[in-house]
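Enquirer: Provide a 3D model corresponding to the input given below.
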Amino acid sequence: MATSYSHQRHAVSGSGARDYAPQITITVSDIKLAKPIPETLFSDIAAEKAQRIHESRGRDQNKATQLRKFYDELVMWTDKVHREQSTEARAAKYTELAPFIKMMNAKVAYARGRNHVDACFEQMFSHLVRQISDPDSLKHAKLFMEAFMGFYKAQEK
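Expert: Coordinates of the predicted model:
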């Protein structure tokens, strides 16, 4: 878990105020969606990522409502794929929808460009989306984000 604090980093917000949030880095290599998935993926790993991303946010970044949009879209794609009854039909539906699922990488990059999310969230979410390769990994990505969001919301208290 690489964490780097530097109080020299600052960003100028739209109001002209400087945001002196510490620079936090995040390690994502422990987020693995391939079978066998790590035993602690939906517990300890999700909790650690939520804490890191909560610590890394700037004043107007990583608001729970913004992060929830990415989770909600992941849920939508998972539901569309898993609505199919047979394994073969789910695989075919995933193949049909894969380009749109992978497009979430562009959406998180856009949100980062607009300063809605920070680099840590973009890195984690992009890492998650890049690993999605079939209906099962899509479901695991959704479950990871579900756990992450629960822990993230708890960080706000």
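Enquirer: name the next helix or strand downstream of the helix or strand harbouring residue 52, please.
Expert: Residue 52 belongs to helix 46-56 when elements are defined using DSSP states H and E. Note on helix 46-56: by DSSP H and E, the next helix or strand toward the C-terminus is helix 64-82.
Enquirer: all helices of the protein, in order?
Expert: Here the chain has its helices, by DSSP state H, at 46-56, 64-82, 87-102, 104-113, 119-131, 135-155.
Enquirer: with distance to residue 40 and mean neighbour count added, can I get those in JSON lines?
Expert: Where you see a C-beta, it was placed from the backbone N, CA and C, and this is true even at glycine. What follows is these, written out as JSON lines (distance: least, Cβ to Cβ, whole Å; neighbours: other Cβ atoms under 10 Å):
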{"stretch": "helix 46-56", "distance to residue 40": "8", "mean neighbour count": "20"}
{"stretch": "helix 64-82", "distance to residue 40": "20", "mean neighbour count": "17"}
{"stretch": "helix 87-102", "distance to residue 40": "25", "mean neighbour count": "14"}
{"stretch": "helix 104-113", "distance to residue 40": "24", "mean neighbour count": "16"}
{"stretch": "helix 119-131", "distance to residue 40": "16", "mean neighbour count": "20"}
{"stretch": "helix 135-155", "distance to residue 40": "10", "mean neighbour count": "20"}
